[in-house]
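Asker: here's my sequence, what's the structure:
(3 chains)
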Amino acid sequence: MTSTTAEPTVATTPRAKRQRGTSRWPARLIVAAIAGLWTIPTIGLLINSFRPAANIRQEGWWSVFPNVVTAANWTLDNYRSVFGASTGFSNAFINSVAVTIPAVVIPVTIAAFAAYAFAWMKFPGRTFLFIVVVALMVVPLQMALIPILKLYTTFEVTGTFPAVWLAHAGFGLPLAIYLLRNYMGSLPGAVIESAKIDGADHFTIFRMLIVPLSVPVLASFAIFQFLWVWNDYLVALVFLGTESSSQVLTVALANLVGNRGEGTLNVLPAAAFVVMALPMVVFFALQRFFVRGLTAGSVKG
Amino acid sequence: MANVTPPLLDESVEKPHRPIEELGRPASGLVVQLMRFGVALVIPAVIVVFFLAFSFLKSEDANKLVQVGVALVAGVLGVWVLYWAMDKVVDLLPGTAAAAVRPFAFVGPAMVLVTVYLVYPTVQTTIFSFQDADSESFVGFDNYVRIFTESQYLVAIRNSLLWVLIVPAVAVIIGLAFATLADKLGSRSESAAKSLIFLPMAISFVGASAVWVFMYSFRPEGFGEQIGLLNAIWSGLGGQPVDWLGAQPWNNLFLMVILIWLQTGFCMVILSSAIKSVPDELLEAARIDGATEWQVFTRVTLPSVASTITVVWTTTVITVWKVFDIVYVMTGGFDGTQVVAQQMVQEFFTNRNNGVGAALAVLLFVAVVPVLIINVRRFRAQEAMR
Amino acid sequence: MRKLRWLVAVTVIMLVATACGGDDDTDDTTGDAGGTADFTLAGAPRAAEADALNGFLEVYNEATGSSIDYVGTADFETQLRVRVEGGDPPDVAFTPQPASICEFADTGQLASLEDMGFDIAEMEANHSKFWMDLGVCEDGNHYGIPWFPNFKSVVFYHAPSFEAGGYEIPETYEDLVALSAQMVADGQTPWCFGFESGGATGWPGTDWIEDILLRQEGSEFYTQWYTHEVPFNDPAVVEAIETFGEILQGEGFVLGGAANVSGINFQDSPLPLFDDPPGCLMLKQGSFLTNFFPADAPEGLIQTFPFPTIEGNGGAMGGGDTLVVFNDSEANVQAIRDWITPEWQCVLASPGGGTASEHGGHGVAGIERLPGHKDVDPECYETEASKQFAQVITEALAANTFAFDASDLMPSAVGQGSFWVGMVDFAQGTSAQDVADAVEASWPAS
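Answerer: Numbers count the residues shown, from 1 in each chain, chains lettered A, B, ... in the order given. Next comes the predicted model:
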C-alpha cells in the first residue's frame, strides 16, 4: 500500500488562526444567545433539585436569586433520597454500566461491518436489504416488547444481561447502519481500490482503513447509543426485570416517584441530574473524535 | 487551486463510487447461495445461542463485580471473535465462492438481529391489525376504517403531520445554523457551546418532562405563585396566567418545542462534523473571489453537506413519527394533543385493543415510505456514477 | 494475527470457565414446597408507600423466616400485562384495578382461591362480598384476594373557618349545597378543585359521580352501571352528573371557576386551604391527599367529614388493592393468608402499629394503610383521620356497603379514558347529557 496512513492527518492550520473572512463577534453573540436560551430550562431543573419540596410548590426557581445565600432555601435532601439506601444506587449504577457498554459496542461493531458491506461490497439484494433496514427505524419499541419477551421466556433467558444487550443492539441497528453506511459510502474509492490491488482482503481493509477513517461517525453513533441505552427505562424493565439486584439506574430512580406524582417536582430533578452525569462525561471524552477536523487532502491514492 | 487533492467528503465533486469486487469472477449457483445463507445465518445464530446460555449471570451468589466484569469482557470481545471466526471460515472456501459469500458474513449478524427484534414484531403487528381487539378473529379492514373515520384518530393524524412538518425542519435549521456559527469560534468556546446544545439529549425523556413542567406550569389566579417560567414572565408583563398545554390548538406547538429542544443537539452534532469537513481551501477560494459570508454558506457549504442534511432530516422525521413519551407524560394526549404513536400505545396497552393499536402502528410504518423514497433516490444518484 | 489468537484463546477459556464454574441454572424462583416463602411482590406503589410495604415485609420476614421483598413499578397495570403476556409473571402481585383480574385469569396463569384452599364464605364475611365478587371470572372461580382499600368519600375542610363562621357539618347533600351558598353569601369561596393529573386528568371528577350515584340509586344500580347492564347515559346517571353540577357550577362556589379546574394539578388543589386567610374552605378527595399537604401544616387545621347522604343513603366508596397469585406454592399461599388477617393488617396500618399491633408497625412516617378486614382495630392507627376512616371502612366491609371505585372496574377505554375526558368536558361547560352520551358511545363493544 502506498502512502496510506492509518491515521489521517489533521487539517494543516489550526482553525483559530485562520482568516474567517468576517469578525467573530456577531457569530459569538448569536451562539451565546441560542446556547443560553437552550440552557435556561435545564438551569431551572438544577436549581429546583437543591430546593425543599415545599418551596418548589410555592415559588418558582427564579425566586432564589434575591436570597441565594439563605440556607433555608437549599437542601440536599433530594440528592440524599437519590443516593439513599432504599434506592440501591451503587448496585443500580453497576447494572447500568454492565448493560450499557456492551449494548453500545455490539451494535457499533455489527453495524460497522454491515455498513461497510452495503457501501463497498457487491452482492445481490444490497439495495433492497438496505432500504428494509432503514425502514425498520420506524418500528416502535413498544410493539416489540411482548413478542420478544415471549421469545425470551421460551428460551428462559429473561433477566440475563445478554438478553438486554441484544435487544438494544437490535433496536439500535437500523439507525446505526443508516448513519455509518452514508458516511462510509463517501470515503474515496480510490484508496480502497489501491489497497485491493496491493492484495488486501475485505477484512483487512475494513480493519486497517475503514475503521480509522470512520472514527468520527463511529464515535457519534456510540455517544447516541450510549445515551439511549443509559437513559432507557422500558427495555431494561421488561427484559432485565425489577428485582432489586437487577435494576438499572433508570428503573431504580423511577421508584422514587410516588404513584400519584409525589416527588415529581423535587426528587425527580435530582435523579435526572445524577443519571445525566456519566453520559456527559462520556460525551466530553468522545467529543474530540467528532469535532476533529477531518482529512483535508492528506490521504493520497 | 487546481492541484488540490480532492478531500474525502467533498460531495460537490461527484466521485465514482463503485463497490469493490474481489479478484476473480464471483461464482453463482445453488451451492454458493446455500453457503451464503449458511454463513450468514448459522454461525451468528449458533454463537447467539451460546451467548444466551449465560444463565449463570442470573444467580445471586457469584460476586456482583466479577459477574459484571466477565459480562462486559465477554460482551465486548464476543462480537469481534464472531466476525474474526466467520472471516476465517469464509477464507476456507475456494476463492470464487469466498467472494460471493463474504458479504453475507459481514451483513449476517446484523440481518439476524434485525429480523428477530424488528421484522418479527412488525409481521406480528401487521397480522394483529387485521384482527379484533383480543387478536382472536380476523376483521379485515375494520380497524383501518376506524382510524380514518373516528375524530380522535383524525386529530392524531393531523397533529402528527404537523409535528413532522415543523419539528425536523426547525431542528435541522437551528442545528445547521448553530454548527456553522460555532465553527467560527475558538475551539474551546465552540466545544462549550455545542455541549450546551447537546445537553438536553443527555437528559432522559422523563427528566425532560420535569424540566418543562417548570416552564409550562399553569396555576389560575388565586392558586399561588406561578412556578412555571413562561407564566411568571407573562404575568410579570401583566397578563393572566395561560394554560399553555391546555389551550388548543397552540398547545401542540408548545409540545413540539420540547422535542425541538431535545433533538437539535443530535442534528447539530452530525452537521457539525460535516461542516468541518468542507475544505478550507474551497471556502477561502470563494472568499477571495469576492463572495459574502452568506454566499459562501449557500454556494459552498450547503451543497457539500447536502447529503448529511438529508440523513439528519430523515432520522429526525422518523424520531418525530415515533414520539410518544413527551405527549404521554405532559398531557396524556388530552386537549387535542394526541399523536399517532401515543394513540397506538394507549390503544394497545391501556385500552387493550390490539387491533386498533396495531393498525396505528402499521400507519406509522407506511408513513415513512415517502421519506424512504427520497433516500433511495439519493442513493441511486450517488451510485449512478459507476 | 498473533494478538487476535491470544485474545480468542483467553476468551474461550473464560467462557468455558464461567460456564462450568457458575452453573446455577436453577434459580430459586419458587418458594420451597412447605418451606419459607421467597419471592418479590409486585405492585404499583412506589416512593414512601413502597418503603412502608417493605417495612411491613421486614417485620413479617423476621417473624416467619421468609424472605419476601416488594418492588413497585410505574405504569404498573401495563407492565404487569406485558409480563403476563410475555410468559414471565411475578409470583404474587397486587393490582388496583380488579377489572384486569379476569383478563389475567383467562391466560391460565392465575391460581384460583378455590384451588388454594381459601374459605370463600369466610372471606366474604370479612372482606365484603362486593369486593370478593370483583374477582369472580367466567369459570365461576374467585381469583382476587382483597388486601387494603383507600377511602374516597371524604371531604376535607378548614376547621377554624367553620368554627368562626358557625358552619355545621352537613349531613345531606342538600345541606352541603346550601352550606356552599351560605359561604358565598358570607364572602368566602367554598370549594377547591383540581382535575389536572398529566395523562390522568379528570379522575377526581369521577369520584364525585360515583359517590353521588351510589347514594342516589343504591349499590345494585351502581353495580349495573359499571358492568354496563345499564347504559352510561341512563337518565339516573345523567341526573347524578347534574347533581355534581350543583356544586361544580354553582355561582361562585369554586375557586378559579369550573372552567379552570382541569388546569389545576390535583396535588396543588389543597394549597389554598393552607393560605391565611384560606382561599377555599372545602375539598373532596381521597384519603391519600394528606401526602400532599405542606410539611409544616398545623395538626388539626384541616379535618374531614364523610361525604354527605342523599335521600337518606350513605355509603363508603374507595379503591383498593387486590392480590393475585401466579405461583401458588404452599409457602406463598401461607404468606398471603397471614397478610389478610387483622393481626398483620395492623402492622401495615401505621408507622408504629398504634396501640393495637402485636408486632409494631412498618416504620415509615406519614403513611397509613386502611384496613381490608372488618376486624381490624381502629386503634392500629395513629392519626385521628385514619381512625375515623378505618371505622367507617370496617363497618362498610362488615355490612357489605363498601363500593369499589367504579372507574377502576370499567373497561380501561372508559375508566381510564372517556370517563376522565367527560369530566373535563363537563367542567368546561358540556351538558351532562352530552357527556354521558359520549362516554356511552366509547364503551367497547365486547
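Asker: if you skip the residues just before and after it, what's nearest to residue 270?
Answerer: Picked chain A for this. Nearest residue to residue A:270, sequence neighbours excluded (CB to CB, 6 or more residues apart in numbering or on different chains): residue A:78, at 3.7 Å. In short, each C-beta sits where N, CA and C put it, glycine included.
Asker: my bad, the chain I had in mind was chain B
Answerer: Spatially, and ignoring its direct neighbours in sequence, residue B:270 is nearest to residue B:312 (5.3 Å; CB to CB, 6+ apart).
Asker: pretty sure that neighbour is in a helix, no?
Answerer: Yes: per DSSP: H, G, I helix; E, B strand; the rest coil, residue B:312 lies within a helix segment.
Asker: point out where the stretch 1-150 of chain A drops to low pLDDT.
Answerer: For the stretch 1-150 of chain A, the stretches flagged by pLDDT under 70 are A:1-23.
Asker: now do the helices in it.
Answerer: A:25-49, A:53-58, A:77-83, A:89-120, A:126-135, A:141-154 (DSSP state H, counting those that start in this stretch).
Asker: tabulate those helices (TSV), appending mean neighbour count and distance to residue B:232.
Answerer: Converted to TSV, these look like this (neighbours: other CB atoms under 10 Å in any protein chain shown; distance: least, CB to CB, whole Å):
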stretch	mean neighbour count	distance to residue B:232
helix A:25-49	17	11
helix A:53-58	18	13
helix A:77-83	18	22
helix A:89-120	24	34
helix A:126-135	18	44
helix A:141-154	20	36
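Asker: for those, give me TSV that also has distance to residue C:227.
Answerer: Output for the helices of the stretch 1-150 of chain A, formatted as TSV (distance: least, CB to CB, whole Å):
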stretch	distance to residue C:227
helix A:25-49	45
helix A:53-58	40
helix A:77-83	42
helix A:89-120	43
helix A:126-135	45
helix A:141-154	28
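Asker: got the residues of the stretch 151-300 of chain C near chain A?
Answerer: When proximity is defined by CB under 8 Å from any CB of the partner chain, the stretch 151-300 of chain C lies next to chain A at C:197-198, C:265-268, C:271, C:288, C:291-292, C:294-296.
Asker: mind telling me what element residue B:243 is part of?
Answerer: Assigned by DSSP states H and E, residue B:243 falls within no helix or strand.
Asker: on the three-state scheme, the residue nearest to the spatial centre of chain A is what?
Answerer: Centre of chain A computed as the mean C-alpha position; nearest residue by CA atoms, centre = their mean is residue A:224, 2.5 Å away. Look at residue A:224: counting by three-state DSSP, its state is helix.
Asker: with residue C:156 instead?
Answerer: At residue C:156, secondary structure determined by three-state DSSP is strand.
Asker: quick one: it from residue A:153, how far?
Answerer: From residue C:156 over to residue A:153 the distance is 46 Å, taken as CB to CB, to the nearest Å.
Asker: what sits against the residue in chain A positioned nearest to chain C?
Answerer: Closest to chain C within chain A is residue A:149: 2.8 Å, counting by CB to the nearest CB. Each residue near residue A:149 by CB atoms under 8 Å, 6 or more residues apart in numbering or on different chains is listed here: A:158, A:238-239, C:82-83, C:85-88.
Asker: need these in TSV (columns: secondary structure and pLDDT).
Answerer: Shown next, in TSV, are the contacts of residue A:149 (DSSP: H, G, I helix; E, B strand; the rest coil; pLDDT from 0 to 100):
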residue	secondary structure	pLDDT
A:158	coil	86
A:238	helix	92
A:239	helix	92
C:82	helix	90
C:83	helix	92
C:85	helix	89
C:86	coil	89
C:87	coil	89
C:88	coil	89
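Asker: could you list the low-pLDDT ranges of the stretch 51-200 of chain B?
Answerer: Residue ranges of the stretch 51-200 of chain B with pLDDT under 70: B:51-65, B:67-68, B:71.
Asker: next up, the contacts around the nearest residue to residue C:135 once chain neighbours are set aside.
Answerer: Nearest non-adjacent residue to residue C:135, counting by CB to CB, 6+ apart: residue C:144, 2.6 Å away. Contacts for residue C:144 (CB under 8 Å, 6+ apart) come out as C:98, C:101, C:132, C:134-135, C:322-324.
Asker: residue B:189: which of those is nearest?
Answerer: Using CB to CB, residue C:324 comes nearest to residue B:189 of those, at 59.0 Å.
Asker: tell me which helix or strand the closest one sits in.
Answerer: If you go by DSSP H and E, residue C:324 is part of strand C:320-325.
Asker: give me the residues contacting that strand.
Answerer: Contacts of strand C:320-325 (CB under 8 Å, 6+ apart): C:43-44, C:91-96, C:98, C:101, C:104, C:110-111, C:116, C:131, C:134-135, C:143-150, C:332-333, C:336, C:339-340, C:372, C:404.
Asker: using a markdown table, lay out the residues of the stretch 151-300 of chain C next to chain A together with secondary structure.
Answerer: As requested, these are exported to a markdown table (three-state DSSP):
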| residue | secondary structure |
| --- | --- |
| C:197 | coil |
| C:198 | helix |
| C:265 | strand |
| C:266 | coil |
| C:267 | coil |
| C:268 | coil |
| C:271 | helix |
| C:288 | helix |
| C:291 | helix |
| C:292 | helix |
| C:294 | coil |
| C:295 | coil |
| C:296 | coil |
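Asker: report the lowest-confidence entry in the residues you listed.
Answerer: Within these, residue C:295 has the lowest pLDDT, namely 69.
Asker: max-length helix in chain B?
Answerer: In chain B, taking DSSP state H as the definition, the longest helix is helix B:151-183.
Asker: do the very next helix or strand once past that one and chain A meet?
Answerer: Heading C-terminal from helix B:151-183, the first helix or strand you meet, by DSSP H and E, is helix B:187-202. Yes: under the criterion of CB under 8 Å from any CB, helix B:187-202 makes contact with chain A via B:187, B:189-202.
Asker: residue C:206: which of the helices of the stretch 1-150 of chain A is closest?
Answerer: Relative to residue C:206, the nearest member of the helices of the stretch 1-150 of chain A by CB to CB is helix A:53-58, separated by 24.9 Å.
Asker: residues making contact with that closest one?
Answerer: A:48, A:73, A:78, A:263, A:265-266, B:224-225, B:227, C:268, C:271, C:294-296.
Asker: so what's the closest residue to chain C within chain B closest to, chain neighbours aside?
Answerer: Of all residues in chain B, residue B:332 sits closest to chain C, at 2.5 Å by CB to the nearest CB. Once flanking residues are discounted, residue B:332 sits nearest to residue C:199: 2.5 Å by CB to CB, 6+ apart.
Asker: and that neighbour, what does it touch?
Answerer: With CB under 8 Å, 6+ apart as the criterion, the residues that contact residue C:199 are B:328-329, B:331-334.
Asker: and if you look at residue C:94?
Answerer: Going by CB under 8 Å, 6+ apart, residue C:94 touches C:41-43, C:147, C:321-324.
Asker: return the set of residues that bridge with it.
Answerer: residue C:323 (DSSP bridges).
Asker: and the pLDDT at it?
Answerer: On pLDDT, residue C:94 comes in at 95.
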